[in-house]
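Trainee: predicted coordinates and the sequence they were generated for:
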Amino acid sequence: MTSVVDADSLLTIDIGSVNTRAILFDIVDGQYHFLAAGSAPSTWGAPFFDVGEGVHLAISRLQEITSRPLLGAENRLQIPTQPDGSGVDRLVVTLSAGKEVQMLVMGLLSEVSLESAQRLAASTYGKVVEAVGLNDMRRQDTQLDAVLQSGSEIVILAGGTEHGATRSVIKMVELLLLVLRALPSEKRPRVLYCGNAALAKKIQEVVGKYTEVQTAPNIRPGIDVEDLAPAAETLNRMIISLRGQQMSGLDLLEQISAAPVTLSAHAMGRLIRFLSELYDASKGVLGVDLGASSTTLAAGVGGKLHLNVFHPLGLGAGMEGLLKQIRPADLTRWLPMDISEEEVMDTLWQKTLYPAMLPLTGTTLAIELAAAREILRLATARMIERYPTLNLSFEPIFAGGAVFAQAASPAQALLALLDGLQPVGVTTFFIDPYGLMSALGAVAPANSILPVQILESGAFQNLGAVISPVSNARPGVPVLRVRLVFEDGNETRLEVKQGSIVPLPVRHGQAARIYLEGLRGTEIDPRRRTAGGFRIIGGVCGAWIDARGRPLVLSGDPGKRRETLLRWSQAVETRRPA
Amino acid sequence: MLAQVTHILGLTSIRRVRLLPVGGRVLVSPGQSVHASDAIAEADTAVRHLLLDVRRGLGLSRVDETHRAIVRKEGERVQEGDIIAETGGLFSRIVRAPVAGRIVTIAGGRVLLQVESRPLRVFAGISGVVSEIYPERGAAIESSGGLIQGAWGNGPFVGEGMLVVQLKSPDEEIKISQLEVSLRGSIVVAGYCSDAEVLRFAAQLPLRGLVLASMPSELIPVARGLDLPILLLEGFGRVAMNELAYRLLTTSDQRDASIFTAFNPAAGERPELFIPLPSIGQPAPETAYFAPNQTVRLQGEPYRGRIGTIGQVFPGLTVLPNGLRAPAAEVRLEQDTQVIVPLANLEVIV
């Protein structure tokens, strides 16, 4: 394995549940640039059961696009770059494909170590199939039955603060040992111990007789202190190792990669944490990835990451996860046309059968965007439940997912993001049309220059700045006075009413200084001082004021609701600055 | 570009591997003829355990003392009342098995007893001949006949019986009145079904299987709650049966068939209807790359469920009428209509 540091050209492969993407970066004029991306269907499942074919096809597609030979004799990836310019210097691989990992979480108190263990499990492509803690009132043999039938593949065992409880942890270990002894060796789950460090060595020794044990620093070193990051790294490696046994071809990729294969969500989390150290620490950075099977929300605040993977929850096979959690009316309320609940549900269930299918009509596109809004709404609500101290004031927000890249216009994508996430305050939105976030995150630990230069290169599409003030005023009441001062000295003033969404006359790439005055107690941004004005730069959608209120309330009357949705859509589409 | 493949074939040879998820017993041998609903392997899966605290029961303080008093070994079967442990001596204390079971493990002065298990079976799924044994796990079955793969199935159910076609046109809706008692034990082929009562009544009759063109998604919970194998050829919503499947099924009326409705595409489990025939067919390819003259089924509105032929596959990305840029092909539909469709919305029919 060679280092990614000092590499010139870099190829990243992201193996998703539906598609495998090959992305090429190279140095142009002394700076890293994103060159192109090629995509092909993933082949981890039937009939290939080998990731290699999808990877080969994605690289072949990239070769066609760039006219740069990457594959050499016997279709092998050429590493490093050859004197004739073919091949690449380094390869990095990320992975989100595969069935969700079944996890058992064990801890002491449900609102302390067990809660942290649950949050750790929720930071990856896993499903908690059983939880056992000290407060569990079930008989021990009932607990055993539940655990044995859960089919768990990984056990997260936490508990005991540093220099704290050991006897209670040992009690949990005794239960775990019974489970391991009762299972045939090939069915025993792997164990991640991330509790009181005083017991780590002993647990490694005792439990290690029955299964693979990994230890990580305590995720709850103090009663009020949670630190998931080191354990999340270990869990990432454990899942990749598990995937390596389930998927052919992954080990071959690992051998030629410049860095260990990383889970896509984990890699994206790394990027967001990294960026949160660069941007305003008081606000935080949000990364959103709406995939076919899962949705990832990564919130980074001052270098601390809150990573949330919702699985199954996506626009393909993960659609069932959405449809089980919401009512049909939750979807139809976002449609600007009259479509029956039955047609909406049938369309989305059909999408679970053909996840790669593209929307070709206005109706099917509107239905997919409605589903995207609900997925984001649901995921955001869950994230806030898990991390109550987070608020929805981020700067910036990065969003990835085919549904945004495929929207009929950038304004549609931005509107869907606003409706789903409902951020407050001043936010700039970027779309990741090529799925670069996980690739950059996988590279970031070894090469921090590359992500920064790629972000500056325009590979992410700047949709624009959106200011979402919060007010209790009634619709139609003025809530904000806006003064825009352009670099040429020209000024524009406008008044924004509650319930409206207003595009500002700022063109793509144009800079202006904006001065805001909240009326009737309107809060402009809970985390940022806006007095004295601040600079904004127009994105492809310019810049908007979203004064529709938080939470966004839609009329119960279908006719009025559709009229409102159309009005909002027309406001941002037709009044978009050139 | 790699295509999704669906089989609609009048005659082919197929091989299906059926395996237990855990180690167990294989019930068939190589060369043996099996029916679709024959169990080919089985295993016991533990569903209930009892944890006996022997140390406490014997009133002992040390674990090693307790282990010396346990007179049974791991793996042993015990009957209700059998002695598990005894201290010996004049006033011997005894711990007996409260119910019959098997000792799974002895640790920490405790005995874990498995007291209830449930058999887990895998079925052949198709009628054919056992061609290979996977020790302790299952077998491969081979056969020849007609094969139609579906878009959705309601669970890993197997049925076999006579195929009875209950539709006169591909878009006909099945009514409960069409399910006569004479259909009991058969696999019924119908078009669209919108009535949950039709599904429930079909299970009550019982039918051995139900092949539908489509049904509304609101019937999914009903279908999943029935033991009856239900296969959808097109999927959800009101969609007519594709003409290839319609032609094959209507010409197979009254033939013996089997239906298997497992649905786990990533694991290679697709719902399918199989019509065994005495002729020997050729195996059909499981993979295909888009190419001219392939027969394809179109997915997604506005062409959903239509069958066509690829005229040409465009290089690179094509700008579609709605502005999307995607790899695409020109597809000839019936009456020489030509449409441009993204490859993601096509599946190759072989």
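Mentor: Cool, got the structure. Numbering: from 1, shown residues only, chains lettered A, B, ... in the order given.

Trainee: contacts, neighbours, all on C-alpha from now
Mentor: Fine.

Trainee: ok, B:Pro321 - contacts?
Mentor: Residues near B:Pro321 by Cα atoms under 8 Å, 6 or more residues apart in numbering or on different chains: A:Leu360.

Trainee: ok, it to A:Ile375 distance?
Mentor: 27 Å (Cα to Cα, to the nearest Å).

Trainee: got it, and A:Phe430?
Mentor: Counting by Cα to Cα, the gap from A:Phe430 to A:Ile375 is 19 Å.

Trainee: between the two, point out the one with more neighbours.
Mentor: Neighbour totals were compared for A:Phe430 and A:Ile375, and A:Ile375 leads with 27 against 24 (other Cα atoms under 10 Å in any protein chain shown).

Trainee: quick check, the more buried one in a helix?
Mentor: Yes: checked against DSSP: H, G, I helix; E, B strand; the rest coil, A:Ile375 lies within a helix.

Trainee: what are the neighbouring residues in contact with it?
Mentor: A:Thr295, A:Leu313, A:Gly314, A:Leu322, A:Gly420.

Trainee: with secondary structure, distance to chain B and pLDDT as extra columns, can I get these in a markdown table?
Mentor: As requested, the contacts of A:Ile375 are exported to a markdown table (DSSP: H, G, I helix; E, B strand; the rest coil; distance: Cα to the nearest Cα, whole Å; pLDDT from 0 to 100):
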| residue | secondary structure | distance to chain B | pLDDT |
| --- | --- | --- | --- |
| A:Thr295 | strand | 19 | 98 |
| A:Leu313 | coil | 17 | 96 |
| A:Gly314 | coil | 16 | 96 |
| A:Leu322 | helix | 14 | 96 |
| A:Gly420 | helix | 23 | 98 |
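
Trainee: let's have these in JSON lines, adding distance to A:Ala216 and neighbour count.
Mentor: Formatted as JSON lines, the contacts of A:Ile375 follow (distance: Cα to Cα, whole Å; neighbours: other Cα atoms under 10 Å in any protein chain shown):
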{"residue": "A:Thr295", "distance to A:Ala216": "26", "neighbour count": "27"}
{"residue": "A:Leu313", "distance to A:Ala216": "29", "neighbour count": "28"}
{"residue": "A:Gly314", "distance to A:Ala216": "31", "neighbour count": "27"}
{"residue": "A:Leu322", "distance to A:Ala216": "33", "neighbour count": "21"}
{"residue": "A:Gly420", "distance to A:Ala216": "36", "neighbour count": "22"}
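
Trainee: my guess is A:Leu335 contacts A:Glu368, does it?
Mentor: No: in this structure A:Leu335 lies outside contact range of A:Glu368 using Cα atoms under 8 Å: 9.9 Å.

Trainee: how about the residues of the stretch 151-300 of chain A by chain B?
Mentor: Within the stretch 151-300 of chain A, the residues that sit near chain B (Cα under 8 Å from any Cα of the partner chain) are A:Glu174, A:Leu178, A:Arg181, A:Ala182.

Trainee: the worst-scoring helix or strand of chain B on mean pLDDT packs against which elements?
Mentor: Sorting the helices and strands of chain B by mean pLDDT, DSSP states H and E puts strand B:325-326 at the bottom, at a mean of 86. Applying 3 or more Cα pairs under 8 Å, 6 or more residues apart in numbering or on different chains; DSSP states H and E, one finds that strand B:325-326 makes contact with strand B:318-319.

Trainee: ends of stretch B:121-130, how far apart?
Mentor: From its first residue to its last, stretch B:121-130 covers 16 Å (Cα to Cα).

Trainee: so what's residue 144 up against?
Mentor: Because you didn't say which chain, this covers chain A. Applying Cα under 8 Å, 6+ apart, we find A:Leu144 in contact with A:Leu175, A:Leu178, A:Val179, B:His49.

Trainee: try chain B instead
Mentor: Neighbours of B:Ser144 in contact, by Cα under 8 Å, 6+ apart: B:Leu11, B:Thr12, B:Ser13, B:Ile14, B:Gly128, B:Pro276, B:Leu277, B:Pro278, B:Ser279, B:Ile280, B:Gly281.

Trainee: which of the residues you listed fall in helices?
Mentor: Among those, DSSP state H puts none in helices.

Trainee: columns pLDDT, distance to chain A and neighbour count on top of those residues, output as TSV?
Mentor: Shown next, in TSV, are the contacts of B:Ser144 (pLDDT from 0 to 100; distance: Cα to the nearest Cα, whole Å; neighbours: other Cα atoms under 10 Å in any protein chain shown):
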residue	pLDDT	distance to chain A	neighbour count
B:Leu11	97	21	21
B:Thr12	97	18	21
B:Ser13	97	17	19
B:Ile14	96	14	19
B:Gly128	96	22	23
B:Pro276	96	23	21
B:Leu277	95	25	18
B:Pro278	93	27	9
B:Ser279	92	26	11
B:Ile280	91	23	12
B:Gly281	91	20	17
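
Trainee: could you provide those residues in JSON lines, with additional columns for distance to A:Gln461?
Mentor: Shown next, in JSON lines, are the contacts of B:Ser144 (distance: Cα to Cα, whole Å):
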{"residue": "B:Leu11", "distance to A:Gln461": "52"}
{"residue": "B:Thr12", "distance to A:Gln461": "50"}
{"residue": "B:Ser13", "distance to A:Gln461": "51"}
{"residue": "B:Ile14", "distance to A:Gln461": "49"}
{"residue": "B:Gly128", "distance to A:Gln461": "57"}
{"residue": "B:Pro276", "distance to A:Gln461": "56"}
{"residue": "B:Leu277", "distance to A:Gln461": "58"}
{"residue": "B:Pro278", "distance to A:Gln461": "61"}
{"residue": "B:Ser279", "distance to A:Gln461": "59"}
{"residue": "B:Ile280", "distance to A:Gln461": "57"}
{"residue": "B:Gly281", "distance to A:Gln461": "54"}
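
Trainee: quick one: low-confidence residue ranges for the stretch 101-250 of chain A.
Mentor: Applying pLDDT under 70 to the stretch 101-250 of chain A picks out no residues at all.

Trainee: A:Asp289 contacts A:Gly401, correct?
Mentor: Yes: judged on Cα under 8 Å, A:Asp289 makes contact with A:Gly401 at a distance of 5.6 Å.

Trainee: ok, those two, which is more surrounded?
Mentor: A:Asp289 (25 against 21).

Trainee: so A:Ala40 sits against A:Arg21, correct?
Mentor: Yes: at 6.7 Å, A:Ala40 counts as touching A:Arg21 under the criterion of Cα under 8 Å.

Trainee: can you pull the pLDDT of A:Leu335?
Mentor: Looking at A:Leu335, its pLDDT reads 97.

Trainee: show me where chain B has its helices.
Mentor: Listed in chain order, the helices of chain B (DSSP H) span B:54-58, B:63-69, B:196-204, B:220-224, B:243-250.

Trainee: hmm, stretch B:59-69 touching chain A?
Mentor: No: with Cα under 8 Å from any Cα as the criterion, chain A is not reached by stretch B:59-69; the gap is at least 13.1 Å.

Trainee: next one, pLDDT for A:Leu278 please.
Mentor: Per-residue pLDDT puts A:Leu278 at 87.

Trainee: okay, it and chain B: tell me how far apart.
Mentor: 34 Å (Cα to the nearest Cα, to the nearest Å).

Trainee: same check on A:Met137?
Mentor: Distance from A:Met137 to chain B, by Cα to the nearest Cα: 16 Å.

Trainee: please apply the same query to A:Ser60.
Mentor: If you go by Cα to the nearest Cα, the gap between A:Ser60 and chain B works out to 10 Å.

Trainee: one more: A:Val540?
Mentor: In terms of Cα to the nearest Cα, A:Val540 sits 17 Å off from chain B.

Trainee: what's the local residue count around that residue?
Mentor: Residues contacting A:Val540 under the criterion other Cα under 10 Å number 21.

Trainee: was I right to think it contacts A:Gly458?
Mentor: No: judged on Cα under 8 Å, A:Val540 makes no contact with A:Gly458 at a distance of 11.8 Å.

Trainee: more crowded one of A:Ala40 and A:Arg21?
Mentor: Set side by side, A:Ala40 and A:Arg21 show more neighbours around A:Arg21, with 30 against 24, by other Cα under 10 Å.
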